[in-house]
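Q: Model the following, please.
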Amino acid sequence: MLTLVTGTTGQVGRRFVPRLLAQRQPGEHVRVLVRDEARGARFAELGAQVAVGDLRDEETLGTVLAGVDAVVNVAAAFRGVPEEEMWAVNRDAAVALGRAAQKAGVARFVQVSTNNVYGTGRGRPLVEDDESRPGGPLWGAYPASKLEAERALLATEGLDVRIARLPFVYGEGDPHLRNVMAWAPRWAPQQRLHMAHHADVAQALMRLLYAPGIAGRIYNVGDDAPVTTVELYRLNGMEVPDELYDNTDPDPWHTIVDTRRIRRELGFRPIHPSVYTAREAGAL
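A: From the prediction side, this is the model:
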């Protein structure tokens, strides 16, 4: 089995690939797509095949998919990039990759998405069958482009697609936990953020990759204990500003997801059930 992984130099990909390589069974191989060969060197040292090219280039897709049995599409354009780039990477490139994979006879396609695709809350944890309701404080080109990619990939005839909807991802030196404080001053003190450690994201993606008989299934990923804005301040060693307590939370269920499906169907259990257990383990 040869698995192609995209987005390998991003925060998720660079932590996922070494775990995937470490858990290979005999006959299993991993190919990574990078735009800069030098950035693929550490993966090559771990035993990965390194392919150089741009996911948005049609010629690259034909080359990189040769002999591939499965794809894990981690590539994404997130904060700090123009909206047109988000659409180009998150939707257009993902859909082109999926269609090229179907033509190449790829058996499985894992698409990494986001729990922001749900949009506004429902007054309860969000489940995979909930329709998107655009809106809420985090809506924009990122979730919209991810949602359109999901729909197009699921509609690609003959492609076995499995979708992982990730929450806020943190851990192992990822600056995400610190960077989120740029937005925290606008949030209500009791507003919650659903999270998952990189170790659990990797676990979830591998479960989606290897599980038989789950074509077309969508899975929420998350830990057991969403954290409040006040907790985020304290986790970052910052004093909670008095003015924070003047903010209100218009949607207390925004991005809070139900993870029963991935637990029941794929046996997922968080290695780090909360950010506090991750901190105690020295895994931040």
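
Q: Would you map the strands across the stretch 151-284 of the chain?
A: For the stretch 151-284 of the chain, the strands defined by DSSP state E, counting those that start in this stretch cover 161-166, 168-170, 192-193, 195-197, 218-220, 227-228.

Q: For the last one, give the mean pLDDT please.
A: Average pLDDT, strand 227-228: 98.

Q: Strand partners (parallel or antiparallel) of it?
A: Paired strands of strand 227-228, with direction, are strand 192-193 (antiparallel) (DSSP bridges).

Q: The longest one too?
A: Strand 161-166 pairs in its sheet with strand 108-114 (parallel), strand 218-220 (parallel), by DSSP bridges.

Q: Averaged pLDDT, the longest one. What do you get?
A: The one in question is strand 108-114. Mean predicted confidence for strand 108-114 is 98.

Q: re the thing from before, take the strands of the stretch 151-284 of the chain and lay them out in TSV including distance to Glu84.
A: C-beta here means a position set from N, CA and C on the backbone, and glycine is covered the same way. As requested, the strands of the stretch 151-284 of the chain are arranged in TSV below (distance: least, CB to CB, whole Å):
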stretch	distance to Glu84
strand 161-166	23
strand 168-170	24
strand 192-193	28
strand 195-197	29
strand 218-220	27
strand 227-228	33
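
Q: Can you say which of the ones you listed is packed in most?
A: Across the strands of the stretch 151-284 of the chain, averaging neighbours per residue (mean count of other CB atoms under 10 Å) puts strand 195-197 on top, at a mean of 27.

Q: State the helix or strand in which Leu147 lies.
A: helix 141-154 (DSSP states H and E).

Q: And the contacts of that helix?
A: Residues outside helix 141-154 that contact it (CB atoms under 8 Å, 6 or more residues apart in numbering) are 76-79, 83, 86-87, 89-91, 94-95, 98, 109, 111, 113-114, 116-117, 119, 132, 134, 159, 161, 163, 216, 218.

Q: In ChimeraX, how would I select the buried members of those residues?
A: If you want just the buried ones from those in ChimeraX, going by 16 or more other CB atoms under 10 Å, the selection is:
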select :76,77,78,86,87,89,90,91,94,95,98,109,111,113,114,116,117,119,132,159,161,163,218
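
Q: Tell me how far Glu84 lies from Ser145.
A: Glu84 is 10 Å from Ser145, where distance means CB to CB, to the nearest Å.

Q: In terms of neighbours, single out the busier of the two.
A: Taking other CB atoms under 10 Å, Glu84 and Ser145 do not tie; Ser145 has more neighbours (24 against 11).

Q: From Thr277, how far off is the nearest residue to that one once chain neighbours are set aside?
A: Nearest residue to Ser145, sequence neighbours excluded (CB to CB, 6 or more residues apart in numbering): Asn90, at 3.7 Å. Taking CB to CB as the measure, Asn90 and Thr277 are separated by 31 Å.

Q: how about the helices in this structure?
A: With helices called from DSSP state H, the chain shows them at 13-22, 41-45, 58-64, 83-86, 94-103, 141-154, 176-179, 198-210, 229-235, 260-266, 275-280.

Q: nearest to Val72, of these?
A: helix 198-210 (6.0 Å; CB to CB).

Q: how big is the angle separating the closest one from strand 161-166?
A: 170 degrees (axes from the mean of the first three to the mean of the last three CA atoms, to 10 degrees).

Q: Give the rounded mean pLDDT of stretch 14-22.
A: Mean pLDDT, stretch 14-22: 98.

Q: actually stretch 209-216, sorry about that
A: Rounded mean pLDDT across stretch 209-216 is 98.

Q: Quote the end-to-end distance of it.
A: Stretch 209-216 has an end-to-end distance of 13 Å (criterion: CA to CA, to the nearest Å).

Q: How about Ala88: what's its closest non-neighbour residue?
A: The nearest residue in space to Ala88 (CB to CB, 6+ apart) is Arg56, at 6.2 Å.

Q: what's the burial count for that neighbour?
A: So Arg56, with other CB under 10 Å, has 16 neighbours.

Q: list the contacts for it?
A: By CB under 8 Å, 6+ apart, the neighbours of Arg56 are 88-89, 92-93, 96.
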